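Asker: Sharing a model that was predicted from the sequence below.
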Amino acid sequence: MNTYKKQILTENEIKIMLHRLACELIENHSDFANTVFIGIQPRGTSLAKRLLQLLTTEYGITEYSFWDTRHYLFPR
């Protein structure tokens with residue numbers, strides 16, 4: 001159950017949008033060997049990971065890189 005006061009998109013609408021984005025990425029960048037997915041904190045990383053999971057499981061993309069920016073945003 002949704003505990004938020006206002007829901008912008010349903011789960012199904014998000015899935016449709018992610019599939020469309022994945023298709024556009026494949027159309028424009030058929031070879032992902034030189035592609036890096038960068039998800040900016042806080043919500044961008046979960047979106048990038050979800051998109052990568054979709055690309056690998058549904059569309060068979062196997063060559064890509066993922067860059068975790070936490071080490072650069074929060075230096076110690």
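Answerer: That came in fine, so what should we check first?

Asker: Tell me the helices and strands packed up against the lengthiest helix in the chain.
Answerer: Ranked by residue count, the top helix of the chain under DSSP state H comes out as helix 11-28. With contacts taken as 3 or more Cβ pairs under 8 Å, 6 or more residues apart in numbering; DSSP states H and E, helix 11-28 sits against helix 44-58. All C-beta atoms are positioned from the backbone trio N, CA, C, and that covers glycine.

Asker: Check which residues of the helix it packs on are buried.
Answerer: 45, 48, 51-52, 54-55 (16 or more other Cβ atoms under 10 Å).

Asker: Likewise for stretch 22-42?
Answerer: 22, 25, 32, 37, 39.

Asker: From start to finish, how long is it in a straight line?
Answerer: With Cα to Cα, to the nearest Å as the measure, stretch 22-42 spans 21 Å from end to end.

Asker: Check the average confidence over that stretch, would you?
Answerer: Averaging pLDDT along stretch 22-42 gives 80.
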